[in-house]
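# Here is a sequence together with a model predicted from it:
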Amino acid sequence: MFVPTIMGQATPEQQAQWLPRALNMEILGTYAQTELGHGTFIRGLETTATYDPETEEFIFHSPTLTAYKWWGGGLGKTVNFCIVVAQLYTKGVCYGTHPFLVQIRDEETHMPLPGVFVGEVGPRMGFHTADNGYLGFDHHRVPRMNMLMKNAQVLKDGTYVKSAKHGKLSYGTMVFVRVELVYEVAFNLAKAVTIATRYSAVRRQCQPRPDQPEPQILDYVTQQHKLFIGIATAHALQFTGYWLWDTFARVIGEMKEGKTDTLPELHALASCLKAVSTSDAASLIEQCRFACGGHGYMASSNLPALYTFVTATRTYEGDYTVLLLQTARYLVKAWEQAEEGKAMTPTVSYLVHSAYNRKAKWNNSCEGITRAFYAVAAGKIEASVNSIRRRMKTGLSFEDAWELTTVQLVAAAEAHCRAVISDTYWKETERMTSSSSASVRSVMRQLNELFLVYWVLERTGDLLMYSTISGKDVIALQQRYEELLSLLRPNAVGLVEAFDFRDEILNSTLGAYDGRVYERLMEEALKSPLNAEPVNQSFHKYLKPFMQGKL
Ligand SMILES: Cc1cc2nc3c(=O)[nH]c(=O)nc-3n(C[C@H](O)[C@H](O)[C@H](O)COP(=O)(O)OP(=O)(O)OC[C@H]3O[C@@H](n4cnc5c(N)ncnc54)[C@H](O)[C@@H]3O)c2cc1C
């Protein structure tokens, strides 16, 4: 966020001054927005930046404990600069939150500058090497030109000037980072599923048939069920990430020409895709850990670190629920536009055909399943809109009716997102494999079909409500799912090898290319400091006196 914010919100002159230094790592920075008291509600931030025209400086101050910045990555001990988001005051008026580049440590001594209180927040669930920090100010002065002035300026005399495009332009950085996160979690999921699949080919357990050797655990159908959806989801999210990136690049290009009408659609898409991809990737990485039994719990498997890293992405850069509610707001508006017969943007055009999609004869093809997912999304959006309207008829305000409907709205936004991912994955698989060999295309299609059928089986209730699927179809699809697992089994290792990770990147005793799982586990165990001496001092200090009743 440090560099993208400078790129997105600094003027060309400011960029020329700071970007080369940041990119050369002559200065190290972080993004300090979240405070102890507020994360999601950015308008509630309390850090103030008050302009002093006498000295042409901003005075940064943390008026309360809850105004302390909290969480900035690397803020505790590493960085010497920050993007600080603060309430801007000039000429006695508050103009809301704005970003500033603030130096917090001396470039030579690394000592905190006067008026800067900075430290690390303490142990966390993961991210142990990120020294996430806290930051407070006591009337710390910062030059006027350190306000990031692309979208709004404070002139020398303290006059506030806002660019006409201010609000919309600042979305760009936020959307960029969310798009990046979709890629990042797909990459981390691919790592986890590579580790777990390789391990499942090495690990043998139990003896289902007497007189036969223990099978590879990868041969158990329940193990395939745990892993193959992870492989498919890594592809689905990566393909959706590429597609979102193209959409992002197009919309940013249009914005530069002054066209901003596609931005709400991009924002709604990036929000729900960030929410669903981070959440799914985290739970599938945890499933990879389950799939590795006890050894998956070893830090040296790298699955715990991957999990704690990815599960945090569900929260930062926009909390899961909050982002889905933002998408829901867009979907409700889109539904109203569809009712009024207005032109729809591409990703919500399905709302116009919702009645047709809902009644369409069920078919098990990828196209048929995707259409049904859109019917579910439309059905859930319609149900949410009807609930809001019903509640308003009883005299509730829109805000209260909305709040009471938020559980449904989150589910509707999630359904929309899943339909978009399924549609994109299917279409992109077809496009990207159009020139592949028949055998590659066949495996990629099987993986794609597995993904779609998996989600039909996960969402049977919704489909029974909003499509023409029958109990018979569900039984047939369950069988097809099991067939797909066994069709994919011979290619499972090949599929994860195709991700092409080096051992240094996987950093896992269970997932190394050579399959020396047990040797590597023992080598790592022997590195434990507790094994450095045969008897630990705790024996003499505590255990012996305890056992002899002398404690
Ligand atoms: C590992 C990690 C790294 C981070 N790095 C940074 C960083 O570098 N810089 C930085 O500035 N921040 C960082 N953050 C902070 C992060 O961005 C915030 O934690 C995040 O935005 C959520 O805000 P919050 O913690 O205040 O949660 P809250 O907003 O308090 O959310 C708590 C709960 O309330 C719910 N909730 C909140 N508002 C609503 C609503 N309107 N409707 C319904 N439910 C709601 C949420 O869904 C959630 O369940 C980091 C966080 C983590 C975990």
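Cool, the structure landed. Numbers count the residues shown, from 1 in each chain.
# burial count for the closest residue to residue 251 other than its chain neighbours?
Ranked by C-beta to C-beta, 6 or more residues apart in numbering and with sequence neighbours excluded, the top spatial neighbour of residue 251 is residue 266, at 4.6 Å. (Glycine included, C-beta is placed from N, CA and C.) Look at residue 266: counted by other C-beta atoms under 10 Å, it has 24 neighbours.
# Quickly find the element holding residue 266.
With elements delineated by DSSP states H and E, residue 266 resides in helix 263-291, which encompasses its position.
# returning to what we had before: who's in contact with the residue nearest to residue 251?
Residue 266 makes contacts with 175, 247, 248, 251, as judged by C-beta atoms under 8 Å, 6 or more residues apart in numbering.
# tally of neighbours for the last one?
In other words, residue 251. As a burial measure, residue 251 scores 24 neighbours (other C-beta under 10 Å).
# so it sits in a strand?
No: if the criterion is DSSP: H, G, I helix; E, B strand; the rest coil, then residue 251 is helix and not within a strand.
# Give me the pLDDT for the residue nearest to residue 28 when sequence neighbours are not counted.
The shortest distance from residue 28 to any residue other than its chain neighbours is 4.5 Å, reached at residue 79 (C-beta to C-beta, 6+ apart). Predicted confidence (pLDDT) for residue 79: 98.
# Repeat that for residue 168.
Residue 168 is assigned 64 on the pLDDT scale.
# what does residue 204 give?
As summarised for this prediction, residue 204 has a pLDDT of 97.
# pretty sure it contacts residue 214?
Yes: applying C-beta atoms under 8 Å, one finds residue 204 in contact with residue 214, separated by 3.9 Å.
# Next, count neighbours for residue 64.
Burial of residue 64, expressed as a neighbour count using other C-beta under 10 Å, amounts to 12.
# Backbone dihedrals for it, both of them.
When quoted as degrees, to the nearest 10, the phi and psi of residue 64 stand at phi -140, psi 170.
# Return the residues in contact with it.
The neighbours of residue 64, taking C-beta under 8 Å, 6+ apart as the test, are 37, 46.
# 7 Å - rerun?
residue 46 (C-beta atoms under 7 Å, 6 or more residues apart in numbering).
# Give me the distance between it and residue 413.
Separation of residue 64 from residue 413 (C-beta to C-beta, to the nearest Å) stands at 34 Å.
# before we move on, what SS does residue 136 have?
strand.
# Residue 83 versus that one, what's the distance?
Per C-beta to C-beta, residue 136 is found 16 Å from residue 83.
# what does residue 510 give?
Separation of residue 510 from residue 83 (C-beta to C-beta) stands at 39 Å.
# In terms of neighbours, single out the busier of those two.
Neighbours per residue, other C-beta under 10 Å: of residue 510 and residue 83, the larger number sits with residue 510, 27 against 24.
# isn't that one right up against residue 518?
No: taking C-beta atoms under 7 Å as the definition, residue 510 is not a contact partner of residue 518, at 10.0 Å.
# Strands of the stretch 1-150 of the chain, start to end?
Along the stretch 1-150 of the chain, counting by DSSP state E, counting those that start in this stretch, strands occupy 29-32, 48-52, 57-61, 69-72, 81-90, 93-103, 116-120, 133-137, 140-143.
# oh sorry, the question was meant for the stretch 301-450 of the chain
Listed from the start of the chain, the stretch 301-450 of the chain has no strands (DSSP E, counting those that start in this stretch) to report.
# residues in it within reach of the ligand, list them.
Residues of the stretch 301-450 of the chain found near the ligand (C-beta under 6 Å from any ligand atom) are 312, 315, 316, 319, 321, 322, 325.
# My guess is the first one contacts residue 128. True?
No: the pair formed by residue 312 and residue 128 falls short of the contact definition of C-beta under 7 Å, at 11.6 Å.
# out of those two, which sits in the more crowded spot?
Using other C-beta under 10 Å as the criterion, residue 312 and residue 128 rank with residue 312 on top: 19 against 11.
# give the contact list for residue 454.
Contacts of residue 454 (C-beta under 7 Å, 6+ apart): 229, 481.
# Report pLDDT for it.
On the pLDDT scale, residue 454 gets 98.
# Can I get the helix or strand containing it in PDB, CA atoms only?
Taking DSSP H and E as the criterion, residue 454 maps to helix 438-458. Once non-C-alpha atoms are left out, helix 438-458 reads as follows in PDB (Å, rounded to 0.1, in the frame of the first residue of the first chain):
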ATOM      1  CA  ALA A 438      -6.400 -32.600 -26.500                       C
ATOM      2  CA  SER A 439      -5.100 -34.300 -23.300                       C
ATOM      3  CA  VAL A 440      -4.200 -31.000 -21.500                       C
ATOM      4  CA  ARG A 441      -7.600 -29.600 -22.600                       C
ATOM      5  CA  SER A 442      -9.400 -32.700 -21.300                       C
ATOM      6  CA  VAL A 443      -7.700 -32.500 -17.800                       C
ATOM      7  CA  MET A 444      -8.300 -28.800 -17.500                       C
ATOM      8  CA  ARG A 445     -12.000 -29.300 -18.400                       C
ATOM      9  CA  GLN A 446     -12.300 -32.100 -15.800                       C
ATOM     10  CA  LEU A 447     -10.900 -29.800 -13.200                       C
ATOM     11  CA  ASN A 448     -13.200 -27.000 -14.300                       C
ATOM     12  CA  GLU A 449     -16.200 -29.400 -14.200                       C
ATOM     13  CA  LEU A 450     -15.200 -30.700 -10.800                       C
ATOM     14  CA  PHE A 451     -15.200 -27.100  -9.500                       C
ATOM     15  CA  LEU A 452     -18.700 -26.400 -10.800                       C
ATOM     16  CA  VAL A 453     -20.200 -29.700  -9.700                       C
ATOM     17  CA  TYR A 454     -18.600 -29.200  -6.200                       C
ATOM     18  CA  TRP A 455     -20.400 -25.900  -5.800                       C
ATOM     19  CA  VAL A 456     -23.700 -27.400  -7.100                       C
ATOM     20  CA  LEU A 457     -23.400 -30.000  -4.300                       C
ATOM     21  CA  GLU A 458     -22.400 -27.300  -1.700                       C
END
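# Fine by me, we can end here.
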